[in-house]
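[1] requesting a structural model of the entry that follows:
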Amino acid sequence: MPEERLAYARDAFEQAMTDPELIAEAEAQNRPLSYLSGEDLQEMIASAFDSPDAFQQLIESSY
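    Numbers count the residues shown, from 1 in each chain. Prediction:
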């Protein structure tokens, strides 16, 4: 994905996930939101792929 589109998508997602009205609606439905930035999510996924095989198999089996 071109960097410009990725930045736009990440910004739009952040705006939605930090919108007070959306947060209140989610909490009212007992579905609290937990926002993680695109950069943080990308880092977390990369670290999972760098994990030992046993851990990767555990993650794969949970899906």
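
[2] what sits up against the longest helix seen in the chain?
    Secondary structure assigned by DSSP state H gives helix 3-17 as the longest helix of the chain. Outside helix 3-17, the residues within contact range by Cβ atoms under 8 Å, 6 or more residues apart in numbering are Met1, Leu22, Leu33, Tyr35, Ser37, Gly38, Glu39. C-beta: built from backbone N, CA, C; applies to glycine.

[3] now do the fourth one against Gln56, distance only.
    Counting by Cβ to Cβ, to the nearest Å, the gap from Tyr35 to Gln56 is 25 Å.

[4] following the longest helix of the chain, which helix or strand comes up?
    Reading on from helix 3-17 to the C-terminus, the next helix or strand found by DSSP states H and E is helix 20-28.

[5] now that next one and helix 3-17, what's the angle there?
    In terms of direction (axes from the mean of the first three to the mean of the last three Cα atoms, to 10 degrees), helix 20-28 departs from helix 3-17 by 60 degrees.

[6] and the average pLDDT for helix 20-28 is what?
    Averaging pLDDT along helix 20-28 yields 95.

[7] please apply the same query to stretch 56-63.
    84.

[8] relative to the whole chain's centre, how far out is stretch 27-43?
    Relative to the chain's own centre, stretch 27-43 is displaced by 6 Å; criterion: Cα atoms, centre = their mean, to the nearest Å.

[9] can you get me the start-to-end distance on it?
    Terminal residues of stretch 27-43 lie 27 Å apart, using Cα to Cα, to the nearest Å.

[10] which residues does that stretch contact?
    So stretch 27-43 is in contact with Leu6, Ala9, Arg10, Phe13, Glu14, Met17, Thr18, Leu22, Ile23, Ala26, Met44, going by Cβ under 8 Å, 6+ apart.
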